[in-house]
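Undergrad: what's the 3D shape of this:
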Amino acid sequence: MAGTGQKDSRLTTSGIPRLGNSLAANRLVLLVAVPLFLVMALVAYLTIQFAINERAAQGWVRHTYEVIGQLEQVLSDSLDAETGQHGFLLTHKPEFLAPYQAGRSRVTADLGTFQKLTADNPTQQRRAARLERLVHERFSAFDATLQQAGGSAESLNAALETGRQRMEALRREITGGVAEERRLLVQRDNARRETENLEIAFAIGAGVLTLGALLIAAAMLVRNNVSLGISEKARANEAAILQATLETVREGIAYFTSEGLLCAFNASFVTLLDLPPANAVLQKTRISELKTHEGIRPIADQVFTPPDPGQTGVETQHIVWNDRELDVYKASVATGGFLIGVVDQTDRVRAESIVRQSQKMEAVGHLTGGVAHDFNNLLQVISANLDLAVANAGVQADPRLRERLQNAIGAVARGSRLTGQLLAFARRQALAPKSVDLGRVIRDMSDMLRRTLGENIQIETVLAGGLWNTLADPNQVENILLNLAINARDAMPEGGKLTLEVANAALDDAYAARHAEVEAGQYVMLAV
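TA: This next block holds a predicted model:
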């Protein structure tokens, strides 16, 4: 099986370069995929960061509007308190003091809220302190004006003028705070826009980079798939060549993995071992299943047993299975697994048997020929002496003696014919073959056979139509028929029926291979 191993290695090495190209392409795809995944992870991270920054920028914008609203609320509440004060000064009605007191309370709360909202802005914190001072001075002036509500008009006007000036100062301070927040709003809005633009630019760049990487990866995958397709086609072609090679091998071959899984076999393996087709399936059948199958159990241990480590297939086991003479060999494979081979030796064994039988027959023929030749020489001496004895005058005068001598001469003649047949069997006597119609020979011998066999034996002849002529010695044919008929008579002492049949026959090569004494061709069959 060394040759098989070489053939397998030759088949497998042709596919290695293609496999190497495929692995190289796979590595390149992996090298492209890793940076691509890193880029996508970075894009995801920056997208999240941009979203967080965007949310923070939106929060600052809302915060700015809240601060502006709070400043406007301080101004509104201050105006409400001033309106209540003016109403009381003009009407001297106590119900106008309620709006004044409510507005004053709201202004105090509004300033506290403003301070909390601007805790991260030192400028606004200082402004909150000034606003608190102005509001305190304004309400102190309001309180003084309320105390002077019963005074002269001049003092009241002076107080109102002072309150108006402080209110203007408060209004300017609030206007300045609103302007500061609007300036911050513009800055924060610009920062938000820059963040959005940067996010858009980065998204476009990342998209272009990702698209480029995807295109490169796609091109490499396409190239890899083409290479894999070519490699698979080549491997399929090699597998078909290997299977075709296995099918052309006359011996049965099967390959099993180290775990006992059937991976390759040819039809001869199934045929020689008479395996059911359902029990020989690639990549499914295991050697343990074959070993336990009912039909092949008697030879399972001899055939379906893994070889010993290092076994090369030189050693063989001879088994007889299903009228076949089989030699089984096993060989380990370097890559793992093992081979089981089955060689049909039936024809060789039968040929050897036929040769031995021919040699035996030839030896018997030589022995028979020698004995027959010597016996024939003795018969010649006896025949000559009997002829001299019959010619004697004394014998002629004694009828009983002459009859006995004639019987002896007849026996010598029959013995001479017998020795002639033995010499013909031993190929030491030349035959005189010629074209003979066996049907005519049987018809001519019918009357003689009836007289010889007697009335107890019924003779029937079956002659086929279109009978061929045959090359034979007619005298030998007649002797054979007469001897067979006499043997048949002796086998039927109480009478019976003797059938003589001749018909055309053709012997094929298979019959001739099993019988060394004949050759394939056209014959005439004589059956008795």
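
Undergrad: nearest the geometric middle of the protein, what residue?
TA: residue 283 (6.6 Å; Cα atoms, centre = their mean).

Undergrad: which SS state does that residue fall under?
TA: Following DSSP: H, G, I helix; E, B strand; the rest coil, the label given to residue 283 is coil.

Undergrad: can you report phi and psi for it?
TA: Main-chain dihedrals, residue 283, degrees, to the nearest 10: phi 60, psi 10.

Undergrad: correct me if wrong: residue 321 contacts residue 271.
TA: No - using Cβ atoms under 8 Å as the test, residue 321 is too far from residue 271 to be in contact (11.5 Å). All C-beta spots, glycine's among them, are computed from the backbone N, C-alpha and C.

Undergrad: neighbour count: these two, which is higher?
TA: Per other Cβ atoms under 10 Å, whichever of residue 321 and residue 271 has more neighbours is residue 321, with 17 against 14.

Undergrad: can you name the next helix or strand after whichever strand or helix holds residue 302?
TA: Using DSSP states H and E, residue 302 maps to helix 297-303. Sequence-wise, the next helix or strand downstream of helix 297-303 (DSSP H and E) is strand 316-321.

Undergrad: distance of the nearest residue to residue 262 once chain neighbours are set aside relative to residue 336?
TA: Once flanking residues are discounted, residue 262 sits nearest to residue 285: 4.3 Å by Cβ to Cβ, 6 or more residues apart in numbering. According to Cβ to Cβ, to the nearest Å, residue 285 and residue 336 sit 18 Å apart.

Undergrad: and if you look at residue 455?
TA: Relative to residue 336, and taking Cβ to Cβ, residue 455 is found at 83 Å.

Undergrad: with residue 170 instead?
TA: 97 Å.

Undergrad: on that earlier part again, what is the burial count for the residue nearest to residue 262?
TA: Neighbours around residue 285, by other Cβ under 10 Å: 20.

Undergrad: now do the phi/psi pair for it.
TA: phi -70, psi 140.

Undergrad: what do you get for residue 411?
TA: Main-chain torsions, residue 411, degrees, to the nearest 10: phi -60, psi -40.

Undergrad: just list whatever residues bridge to the spatially closest residue to residue 492 that is not a sequence neighbour.
TA: What sits nearest to residue 492 in space, not counting adjacent residues and going by Cβ to Cβ, 6+ apart, is residue 457, at 6.6 Å. Taking DSSP bridges as the rule, residue 457 bridges to residue 496.

Undergrad: residue 479: which element?
TA: According to DSSP H and E, residue 479 maps onto helix 474-491.

Undergrad: lowest-confidence helix or strand of the chain?
TA: helix 2-13 (a mean of 36; mean pLDDT, DSSP states H and E).

Undergrad: rewinding a little: what packs against the helix holding residue 479?
TA: Other helices and strands packing on helix 474-491, by 3 or more Cβ pairs under 8 Å, 6 or more residues apart in numbering; DSSP states H and E, are helix 399-425, strand 434-436, helix 438-453, strand 496-507.

Undergrad: for residue 409, the count of nearby residues, please.
TA: Neighbour tally, residue 409, other Cβ under 10 Å: 15.

Undergrad: quick one, what contacts it?
TA: By Cβ atoms under 8 Å, 6 or more residues apart in numbering, residue 409 lies in contact with 383, 386, 387, 390.

Undergrad: tell me where this structure has strands.
TA: Secondary structure of the chain, counting by DSSP state E: strands at 252-256, 262-265, 316-321, 324-332, 338-344, 434-436, 457-463, 470-472, 496-507, 521-527.

Undergrad: sorry, back to before: could I get the contacts of residue 409 as JSON lines with distance to residue 139, pLDDT and neighbour count?
TA: As requested, these are arranged in JSON lines below (distance: Cβ to Cβ, whole Å; pLDDT from 0 to 100; neighbours: other Cβ atoms under 10 Å):
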{"residue": "383", "distance to residue 139": "182", "pLDDT": "79", "neighbour count": "16"}
{"residue": "386", "distance to residue 139": "186", "pLDDT": "79", "neighbour count": "17"}
{"residue": "387", "distance to residue 139": "188", "pLDDT": "79", "neighbour count": "12"}
{"residue": "390", "distance to residue 139": "191", "pLDDT": "78", "neighbour count": "15"}
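
Undergrad: show me what contacts residue 336?
TA: Residues counted as contacts of residue 336 (Cβ under 8 Å, 6+ apart) are 257, 258.

Undergrad: next: residue 413.
TA: Applying Cβ under 8 Å, 6+ apart, we find residue 413 in contact with residue 383.

Undergrad: how about residue 383?
TA: Contacts for residue 383 (Cβ under 8 Å, 6+ apart) come out as 409, 412, 413, 416.

Undergrad: what of residue 305?
TA: 291, 330.

Undergrad: quick one, phi/psi of it?
TA: Backbone torsions of residue 305, given as degrees, to the nearest 10, read phi -130, psi 130.

Undergrad: against residue 287, how distant is it?
TA: Distance from residue 305 to residue 287, by Cβ to Cβ: 8 Å.

Undergrad: residue 304: neighbour count?
TA: When counting by other Cβ under 10 Å, one arrives at 24 neighbours for residue 304.

Undergrad: my bad, should have said residue 137
TA: Residues near residue 137, counting by other Cβ under 10 Å: 15.

Undergrad: residue 324 too?
TA: There are 16 residues near residue 324, going by other Cβ under 10 Å.

Undergrad: for it, which non-adjacent residue is closest in space?
TA: Residue 324's closest residue in space is residue 346 (Cβ to Cβ, 6+ apart), at 5.1 Å.

Undergrad: ok, that neighbour to residue 290 distance?
TA: Applying Cβ to Cβ to residue 346 and residue 290 gives a distance of 22 Å.

Undergrad: what of residue 434?
TA: Computed as Cβ to Cβ, the residue 434 to residue 290 distance reads 61 Å.

Undergrad: how about the contacts made by residue 303?
TA: Counting by Cβ under 8 Å, 6+ apart, residue 303 touches 273, 296, 319, 328, 340, 342.

Undergrad: so how far is residue 350 from it?
TA: Separation of residue 303 from residue 350 (Cβ to Cβ) stands at 22 Å.

Undergrad: same thing with residue 477?
TA: For residue 477, the distance to residue 350 - Cβ to Cβ - is 31 Å.

Undergrad: what's around the closest residue in space to residue 209 that isn't next to it in sequence, how many residues?
TA: Leaving aside its sequence neighbours, residue 209 sits nearest to residue 39 (Cβ to Cβ, 6+ apart; 5.9 Å). Residue 39 sits with 15 neighbouring residues when counted by other Cβ under 10 Å.
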